[in-house]
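Turn this into a model:
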Amino acid sequence: MRAYQQIPVNPADIPKTAITTPFGLFEYVFMPFGLRNAGQTFQHYIHQVLSNLDFCVPYLDDVSYLASNNFEEHKQHLKQVFERLSQHGLKLNPLKCVLGKSSVKFLGCLITSESVKPLPERVQAISQFPKPQNIAELKRFLAMLNFYRRFLPNAADTQASLHEFLKNSKKNDKRPVCWTDVTLASFEKCKADIINAATLTFHAPNQQLSIMVDA
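Modelled structure (predicted):
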């Protein structure tokens, strides 16, 4: 979906969108990308547009994961979504549309009818990440890894020695990482864990459930 250049800007706010060009000031009459509240505004709007369609999950300009039981139902769901978007004058980008698939990539995860798991290409990138030479590179590795933290059992314990390097660190910190046998083992364990990351399944109401809470 083309999220931007579709929602009219409040006339009183149009002057605030002015940009300088060699030809003078230009102002946006439809909401452009980059405004401070653009993402929040569009998210609120798309939720209103697709309200009561509980088989789909709108996230900004992604209308993903139409949860249909079969192909015929899927076609009906698509029809309802298309009609609702058309009623509100919203247009889809055909080049970005993926229809009739049994699995979808959504927010960095591969979602199927049975489970949710990390994207294989992201797993490969993390597992092949070279040994960080400085604090900034280590931060980057841990950020990539912890995007999938919910798939990694005992992640806090595994990463504890690596996070010791980050104490009192600064932005773009180029201080070298002084590797030891312990920290290097933790680094390799992190990469092994993402390769063998858990696959999360959906709630099964007919199965016994266990709840763990903090006191």
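
show me the contacts for T41.
7, 31, 35 (Cβ atoms under 8 Å, 6 or more residues apart in numbering). C-betas here are computed from N, CA, C, even on glycine.

how far away is the last one from Y4?
L35 sits 9 Å away from Y4, taking Cβ to Cβ, to the nearest Å as the criterion.

Same check on D61?
As judged by Cβ to Cβ, D61 and Y4 stand 8 Å apart.

cool, and L66?
As judged by Cβ to Cβ, L66 and Y4 stand 23 Å apart.

I111 now?
25 Å.

Next: V57.
Counting by Cβ to Cβ, the gap between V57 and Y4 amounts to 20 Å.

same thing with V123?
From V123 to Y4 the distance is 31 Å (Cβ to Cβ).

Quick one: name whatever helix or strand follows the helix or strand of the chain with the lowest mean pLDDT.
For the chain, the helix or strand with the lowest mean confidence is strand 62-64, at a mean of 71 (criterion: mean pLDDT, DSSP states H and E). Next along the chain after strand 62-64, taking DSSP states H and E as the criterion, comes helix 71-87.

Buried residues, that following helix. List them.
74, 77-78, 80-81, 84-85 (16 or more other Cβ atoms under 10 Å).

Save the residues you listed as a markdown table, and put in distance to F129 and pLDDT too.
Output for the buried residues of helix 71-87, formatted as a markdown table (distance: Cβ to Cβ, whole Å; pLDDT from 0 to 100):
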| residue | distance to F129 | pLDDT |
| --- | --- | --- |
| H74 | 38 | 88 |
| H77 | 39 | 90 |
| L78 | 39 | 90 |
| Q80 | 43 | 92 |
| V81 | 38 | 90 |
| R84 | 42 | 91 |
| L85 | 40 | 89 |
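
tell me the domain boundaries of this protein?
As assigned by the TED database, the chain contains the domains 4-100, 120-196.

Out of those, point me to the one whose mean pLDDT is lowest.
Set side by side, the domains of the chain give their lowest mean pLDDT on domain 4-100, at a mean of 86.

Can you give me the end-to-end span of that domain?
Start-to-end span of domain 4-100 (Cα to Cα, to the nearest Å) is 26 Å.

would you list every one of the strands in the protein?
19-21, 24-26, 57-59, 62-64, 103-106, 109-112, 115-118, 200-201 (DSSP state E).

I am assuming R149 contacts A155, so please confirm or correct that.
Yes - between R149 and A155 there is a contact under Cβ atoms under 8 Å: 5.2 Å.

Can you pick out the residue with more neighbours from the two?
Using other Cβ atoms under 10 Å as the criterion, R149 and A155 rank with A155 on top: 17 against 11.

check contacts around that one.
So A155 contacts 146, 149, 193 (Cβ under 8 Å, 6+ apart).

Kindly provide the distance from it to V123.
Using Cβ to Cβ, one gets 15 Å for the distance from A155 to V123.

ditto for L99
Distance of L99 to V123, computed by Cβ to Cβ: 26 Å.

more neighbours, the two?
Remark: of L99 and V123, V123 carries more neighbours, 19 against 8, as counted by other Cβ under 10 Å.

Would you mind confirming that that one is in contact with A192?
No - counting by Cβ under 8 Å, V123 sits too far from A192 to count as a contact (11.3 Å).

Identify the contacts common to those two.
Common contact partners of V123 and A192 (Cβ under 8 Å, 6+ apart): none.

Fine by me, we can end here.
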